[in-house]
Each structure stands twice: as structure tokens, then as C-alpha cells.
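Asks: no sequence on this one, just coordinates:
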Ligand code: HEC
């Protein structure tokens, strides 16, 4: 029998599918991968170290601006300047890079989701998303998370 927790997760998954639009229900390869990542996150299948994390750094101008520099060095080539997944390397990839400007508005965009995704990358989903867990420090990953949450307009001050 389904537990309440499982039911809750199934409804969350349906909500995300609805929010991302019907084209995201496996109609093309690039979008179906996101459902895989969301499902794995919602089923809590990632390692225990990622459970219930919250960003330990304040969302200060300094942290956001470090996050911006790191994003430009490590992520922009795939996820694009405005985070919408159209970086020059990203355009050649299938599955294509996620639209982070959109992702950050979804209920799934928790600190745990970002930290786990950025640390472990896309290997379990056969995607080109690199695992940054060994390349960046925890602090750097949290700074990038603040930058994403600030909405990609930080430079413009909006
Ligand atoms: C080589 C290209 C590439 C680079 C560089 C890259 N990514 Fe990705 N990223 C991807 C692809 C492809 C996906 C979609 C497949 C997946 O989720 O694994 C993705 C997915 C994601 C997701 C999941 C979002 C969602 O809605 O599913 C996040 C968060 C993310 N990337 C953040 C980052 C951050 C932050 C950086 C820099 C530290 C980065 N990526 C660098 C290719 C890249």
C-alpha cells in the first residue's frame, strides 16, 4: 500500500510535470531527463549527506558576486548568461542544459536540490552536467546557489 509520504511525492511530481508543461513529459529526450532528476530528488534517492541541507551563507552582495564570477567561469558555457540553457557549448548537447532561470522558480528548487545536482552532476542521468563536488568547495557551490536564486540580474542590480 502507498504510504502518505509516497502519495505526497507522487502529487509533487505531477505538480512539477504540470508546471513544466506537457512538452516535458518525455516527448523529447532533452526534457524527459529532467523528470528523471526531479523524481530521484523527490524519492530522496540521493546520498544521506544531501538530505535537508540549507545554504549556510547569508545572501549578501559579496556572496552573490562571488557566485556570479564562479557561474561565469564554470556554468555559463552550457547554461548561458541569463541561465536559460543556451550557452555556446550547451546548444550542442542532448539532453540540453536546464533553464536555470526557470528551475529556480519551481517548488523543487530547494538548497538540497541545487547542492546535490551541482555536486554530483548528470552521470546517473547520462547527461553532460559535470560533477562539481570535487572541483569546487562547498562554500563556492553555496555562493553559486545564491547567485542562481538572485535571478541572473545581479549585475544590473534588479
Ligand atoms: C558541459 C555543460 C554543463 C556545464 C558546464 C554545467 N551544466 Fe548544469 N546541466 C547540464 C545539463 C546537460 C543539464 C540537464 C541534465 C541534468 O539535469 O543532468 C544540467 C542540469 C543542471 C541543473 C538541474 C536543473 C533542473 O531543472 O533539472 C542544475 C541546478 C545545474 N545544471 C546547475 C549547474 C551549475 C550551477 C553549473 C556550474 C557550476 C553547471 N550546471 C554547469 C550541463 C552543464
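Replies: Received the coordinates, thanks. These numbers come from a predicted model, not from an experiment.

Asks: close to the ligand: what parts of the chain are there?
Replies: 33-34, 37, 74-75, 77-79, 89-90, 93, 95, 97-98, 100, 103, 114, 117-118, 122, 125, 127-130, 132, 144 (Cβ under 6 Å from any ligand atom). (Each C-beta comes from the backbone N, C-alpha and C, glycine too.)

Asks: switch to 5 Å and redo it
Replies: Residues of the chain found near the ligand (Cβ under 5 Å from any ligand atom) are 33-34, 37, 74-75, 78, 95, 97-98, 103, 117-118, 122, 125, 127-129, 144.

Asks: which parts of the chain are helices?
Replies: 4-20, 29-42, 61-74, 76-79, 100-103, 111-120, 138-149 (DSSP state H).

Asks: can you list contacts of the fourth one?
Replies: The set of residues external to helix 76-79 that reach it, using Cβ atoms under 8 Å, 6 or more residues apart in numbering, is 71, 85, 87-90, 93, 97-98, 100, 128-129.

Asks: try it again at 7 Å.
Replies: Helix 76-79 is contacted from outside by 85, 87-90, 93, 97, 100, using Cβ atoms under 7 Å, 6 or more residues apart in numbering.

Asks: low pLDDT regions in the chain?
Replies: 1-34, 154-158 (pLDDT under 70).

Asks: mind listing what residue 49 touches?
Replies: Per Cβ under 7 Å, 6+ apart, neighbours of residue 49: none.

Asks: could you check how far it is from the ligand?
Replies: 17 Å (Cβ to the nearest ligand atom, to the nearest Å).

Asks: distance of that residue from residue 147?
Replies: 23 Å (Cβ to Cβ, to the nearest Å).

Asks: picking that back up, is there a quick ChimeraX command that grabs whichever of the contacts of helix 76-79 are buried?
Replies: Those of the contacts of helix 76-79 that count as buried under 16 or more other Cβ atoms under 10 Å are selected in ChimeraX with:
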select :85,87,90,93,97,100
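
Asks: from the contacts of helix 76-79, which land in strands?
Replies: Among the contacts of helix 76-79, no member is found in strands (DSSP state E).

Asks: reformat the contacts of helix 76-79 as CSV; add distance to residue 60.
Replies: Formatted as CSV, the contacts of helix 76-79 follow (distance: Cβ to Cβ, whole Å):
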residue, distance to residue 60
85, 27
87, 27
88, 31
89, 30
90, 29
93, 33
97, 28
100, 21
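
Asks: the contacts of helix 76-79: which two are farthest apart?
Replies: 88 and 100 (16.1 Å; Cβ to Cβ).

Asks: that's all I had, so thanks and see you.
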